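A.B. asks: dropping the sequence and predicted coords here.
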Amino acid sequence: MFEKKFRFLFALLILILLCSAAQATNLQITVQDSLDNSTVPHATIFVDGSNQGRTNNVGQFFVTHSGLNDIDLRVTNTGYDDWETMINKTTTTVLVNLTRKSLTLKVVLFDSDSLSPVLNANITLTADNTTQSKVTDATGSATFGVIAQTLYSLSTTAPNYQPRSTTIDMGAENQEVQYWLLSGNRFSVLIKDKDTGSPVSNAEVRVDSILLGKTDERGILITPLTRGKIYLIEIKKDGYKTYTETRQIGAGEALYPVSISKAAVGAFIYVTDENKAPLSGADIYLNGTLSGSTNEYGRLNFPNLVAGTYGFEVRKNGYIIVNRPISVVTQGQDYVFQMPLENAPLTIFVQEKDQKIISNATIVINGRYAGVTDDHGQFLTNVKMNTVINITSTKENYLPASAQSLVIQGNSTGTVTLTMEKNLDWVFIGMIAIGAIAVLIVFGVIRMFGGRKRRHVTRRNEI
């Protein structure tokens, strides 16, 4: 009994499956571009709102459905408008033509030198045997209606500018592109230093009194300039002579090289001593060459110096040589050199009145401890020339001795002698005096008592 039921159920299941297989429908979907009929791979397929997958490399996709009802078929792809329709339940093939999206392309043109918008430029846009042309407005822009997924050729022409061509690949979004146009009157000014040949940057270039700009780090200024006209060209740069020239710029000229000379700035060298008093007769060396000596005001003029850096050295007998580099920039500026006095050796002798040397005597110079005399009663030091110094020597049992010394410029050395007197020992002298007084007192007492003993006495029996 159970075996019969099992066979019946198995037969029923087979019958149901056969009926289902008989009703199922296979649908082949082919997706292509409506413009050029090329197949569209990777388009997304939706059936009754359900994502079924993407088309293969040849733009095809296969769907199997029950075949009992019509289906809602929708196809989407980037850069295309969505496609959607109802498909009959018995349909087995369908061709989907996707329409590319409509987009906008904005083209903006600038002058390559001034970055100003280029107006009234003609822009031509070409794709798939269709051509559009527009003229740029005051902002240098023109806007075109284009379609997505399309390669366009763009060409521009404008008065006094070189033509330009390029290609633009439109994707799935609106685009804005910007281009520089090179002036057809493009003209370059190259400025160099006349002495060194190096480029001069930040030099102002004026044409007919109108400032066109400044040179870059290469010494170049690029500017539009109409050919075949006569211009007054003026070039200015701090530290350089102003250059002017009237000339005609020919049709075949593209580069105008100019060499400019540095202007004489001049400089005054002012030399003082340590007290800031003018020092005359100081020799001034410029880059190792003697140029002259300072006058009674301590000055020497260098009127022909141009802007730059120079090595100066100042020399004068009795003074320490001073040197340093100077950057000459401002016209007529004073550059001060202060010269310290040279040091000269000084020997200090310390002795008694009888010229007996005094060793280990303390030496004080201008109120500061300097040292002590050696076994020969000498102390060696260095002092500034032409400067009065105060010297004091001290030692136990001696009275301090002081003197002034001045080493005159031109002398190779100087000497000074300090004579010290011994200091009397008043304590010892006082003790001697006290002792002498004591002796005198004792002597007086003795004499007084001795005189009393020798006095005559009258006896009674002598009466």
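C.D. replies: Cool, got the structure. Numbering: from 1, shown residues only.
A.B. asks: select the helix or strand of this protein having the lowest average pLDDT value.
C.D. replies: helix 2-23 (a mean of 55; mean pLDDT, DSSP states H and E).
A.B. asks: ok but Ala344 is inside a strand, no?
C.D. replies: Yes - with DSSP: H, G, I helix; E, B strand; the rest coil as the criterion, Ala344 is part of a strand.
A.B. asks: and the gap between the residue nearest to it when sequence neighbours are not counted and Val135?
C.D. replies: Nearest residue to Ala344, sequence neighbours excluded (C-beta to C-beta, 6 or more residues apart in numbering): Val407, at 4.3 Å. Using the backbone N, CA and C atoms, a C-beta is placed for each residue, glycine as well. Distance, Val407 to Val135, using C-beta to C-beta, to the nearest Å: 93 Å.
A.B. asks: in terms of neighbours, single out the busier of those two.
C.D. replies: Neighbour totals were compared for Val407 and Val135, and Val407 leads with 26 against 11 (other C-beta atoms under 10 Å).
A.B. asks: quick one: pLDDT of the more buried one?
C.D. replies: With respect to pLDDT, Val407 scores 75.
A.B. asks: which residues touch the closest residue to Asn122 other than its chain neighbours?
C.D. replies: Nearest residue to Asn122, sequence neighbours excluded (C-beta to C-beta, 6+ apart): Thr157, at 4.9 Å. By C-beta atoms under 8 Å, 6 or more residues apart in numbering, Thr157 lies in contact with 121-122, 163.
A.B. asks: just the buried ones from the residues you listed, in ChimeraX syntax?
C.D. replies: Applied in ChimeraX, the following selects the buried portion of the contacts of Thr157 according to 16 or more other C-beta atoms under 10 Å:
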select :121
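A.B. asks: distance between the ends of stretch 78-85?
C.D. replies: 19 Å (C-alpha to C-alpha, to the nearest Å).
A.B. asks: contacts for it, please.
C.D. replies: With contacts defined as C-beta under 8 Å, 6+ apart, stretch 78-85 is touched by 33, 40, 43, 72-76, 96-101, 148-149, 171-172.
A.B. asks: hmm, 6 Å instead?
C.D. replies: 74-76, 96, 98-101, 148-149, 172 (C-beta atoms under 6 Å, 6 or more residues apart in numbering).
A.B. asks: ranges for the helices of the chain?
C.D. replies: With DSSP state H as the criterion, the chain has helices at 2-23, 426-453.
A.B. asks: quick one, what contacts Met420?
C.D. replies: Applying C-beta under 6 Å, 6+ apart, we find Met420 in contact with 358, 398, 401.
A.B. asks: just to revisit the earlier point, contacting residues around the residue nearest to Ala344?
C.D. replies: Going by C-beta under 6 Å, 6+ apart, the list of residues near Val407 reads 344, 385, 414.
A.B. asks: that one and Val388, how far apart?
C.D. replies: Going from Val407 to Val388 by C-beta to C-beta gives 10 Å.
A.B. asks: same question for Val40.
C.D. replies: For Val40, the distance to Val388 (C-beta to C-beta) stands at 108 Å.
A.B. asks: look at the two and report which has more neighbours.
C.D. replies: Counted by other C-beta under 10 Å, Val40 and Val388 do not tie: Val40 has more neighbours, with 21 against 11.
A.B. asks: excluding sequence neighbours, find me the nearest residue to that one.
C.D. replies: Distances taken as C-beta to C-beta, 6+ apart put Val31 closest to Val40, at 4.5 Å, once the chain neighbours are dropped.
A.B. asks: beta-bridge partners for that neighbour, please?
C.D. replies: Val96 (DSSP bridges).
A.B. asks: how many neighbours does Lys395 have?
C.D. replies: Counted with other C-beta under 10 Å, residues neighbouring Lys395 total 19.
A.B. asks: what sits against it?
C.D. replies: Applying C-beta under 6 Å, 6+ apart, the residues contacting Lys395 are Ala361.
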